[in-house]
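Student: Below: sequence and its predicted model.
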Amino acid sequence: NAGVTQTPKFQVLKTGQSMTLQCAQDMNHEYMSWYRQDPGMGLRLIHYSVGAGITDQGEVPNGYNVSRSTTEDFPLRLLSAAPSQTSVYFCASSPTGETEAFFGQGTRLTVV
Amino acid sequence: AQRVTQPEKLLSVFKGAPVELKCNYSYSGSPELFWYVQYSRQRLQLLLRHISRESIKGFTADLNKGETSFHLKKPFAQEEDSAMYYCALSGGYGNKLVFGAGTILRVKS
C-alpha cells in the first residue's frame, strides 16, 4: 500500500529554472495539499485542492502553480526557481469529511 | 487569525523523566487539534487528535479551551520518543492544517 508518493526525493535547481514536483495518492482521497517545511517556521500551506478540477491558494502560494486533473495526482510547479524556495516540500491527502492527513515522504529542494 | 505556537524549539530530557510539549493556539470557533510526529528519516504521521481522547505510545493531550492550549504529555520518556513534534489545527474546508514551528524532543539515556 503506497499511500502518498512524492518524486523526486532530492533536487537541485539553478535560479530561474522551472520544475514540477510530483505527488500521487492511491487512497481515493478528495483533499490534497502542498506544504513547505522551513526551520523555525513549521509547515506552511502552499496550495490545496478539494477535488479534481478545484484548487485554491494557501498561505504562501507565490511562485508556485498547481493543477488537479485527476483525483490521484496533484503536481506542484515552480515557475522560476529562487533561492527562497529552498525547502522541504510535503504533499498530503485526506478523505472528505475527515481531518487526519496522510503525508508523503517529502522532497528536499535546493535552489542555487 | 489562526495560529499555533510551540514555544520550545528543543526539549531535552533523560529517559524515564516526564515530558510536556507545549502548544497554544488561536482560532475563532471550535478548533480541531492534532499532534503530528516526524521520526528521523520518516514521513510526518498523526500521533493524536483531541476528539479521540486516546493515548498513543503513552502520550496524551487535553484540549483546554480556557487557556487555548493542547499540551502533549508523557509520564516516562523513552529513547524512541526522540523526534520532531508538531502541533496543528484544522482550518475547516479542505482540511487546511495550520502548524506550529515544531519542537525537537531529545531523550537522553
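Tutor: Good, I have the coordinates.

Student: In the lengthiest strand in chain A, which of the residues would be classed as buried?
Tutor: Using DSSP state E, we find that the single longest strand of chain A is strand A:42-51. Neighbour-count burial for strand A:42-51 flags A:42, A:43, A:44, A:45, A:46, A:47, A:48, A:49, A:50 (criterion: 16 or more other Cβ atoms under 10 Å in any protein chain shown). Glycine gets a C-beta too; all of them are placed from N, C-alpha and C.

Student: Now narrow those to whatever sits close to chain B.
Tutor: With the criterion set as Cβ under 8 Å from any Cβ of the partner chain, the members of these near chain B are A:42, A:43, A:44, A:45, A:48, A:49, A:50.

Student: now the fourth one, nearest residue through space, not along the chain?
Tutor: Read that as residue A:45. In this structure, residue A:45 finds its nearest non-sequential neighbour in residue A:58, 3.1 Å apart by Cβ to Cβ, 6 or more residues apart in numbering or on different chains.

Student: That neighbour: neighbouring residues, count only.
Tutor: As a burial measure, residue A:58 scores 21 neighbours (other Cβ atoms under 10 Å in any protein chain shown).

Student: what does chain A put close to chain B?
Tutor: A:4, A:31, A:33, A:35, A:40-45, A:48-50, A:56, A:58, A:90, A:92, A:94, A:98-101, A:103-106.

Student: Can you list the residue ranges for strands in chain B?
Tutor: Counting by DSSP E, the strands of chain B are B:3-5, B:10-14, B:19-21, B:24-26, B:32-38, B:45-49, B:60-61, B:72-74, B:83-90, B:97-99, B:103-108.

Student: and of these, who's closest to residue A:27?
Tutor: strand B:45-49 (14.1 Å; Cβ to Cβ).

Student: Packing partners of that closest one?
Tutor: strand B:32-38 (3 or more Cβ pairs under 8 Å, 6 or more residues apart in numbering or on different chains; DSSP states H and E).

Student: quick one on the thing from earlier: which among the strands of chain B is found nearest to residue A:9?
Tutor: strand B:32-38 (15.3 Å).

Student: tell me the mean pLDDT for the closest one?
Tutor: Average pLDDT, strand B:32-38: 94.

Student: wouldn't residue A:102 be in contact with residue A:2 here?
Tutor: No: the pair formed by residue A:102 and residue A:2 falls short of the contact definition of Cβ atoms under 8 Å, at 10.8 Å.

Student: Which of those two has more residues huddled nearby?
Tutor: Between residue A:102 and residue A:2, counted using other Cβ under 10 Å, residue A:102 has the larger neighbour count: 20 against 9.

Student: so, in contact with chain A or not, stretch B:18-28?
Tutor: No: using Cβ under 8 Å from any Cβ, stretch B:18-28 stays clear of chain A, with a minimum separation of 11.3 Å.

Student: For that stretch, which residues meet the burial criterion?
Tutor: Buried residues in stretch B:18-28 (16+ other Cβ under 10 Å): B:19, B:21, B:22, B:23, B:24, B:25, B:27.

Student: For the third one, give its distance to residue B:105.
Tutor: Between residue B:22 and residue B:105 the computed distance is 12 Å (Cβ to Cβ, to the nearest Å).

Student: rewinding a little: please list all residues in contact with the residue nearest to residue A:45.
Tutor: A:33, A:34, A:35, A:44, A:45, A:46, A:47, A:48, B:96 (Cβ atoms under 8 Å, 6 or more residues apart in numbering or on different chains).

Student: That'll do, ta.
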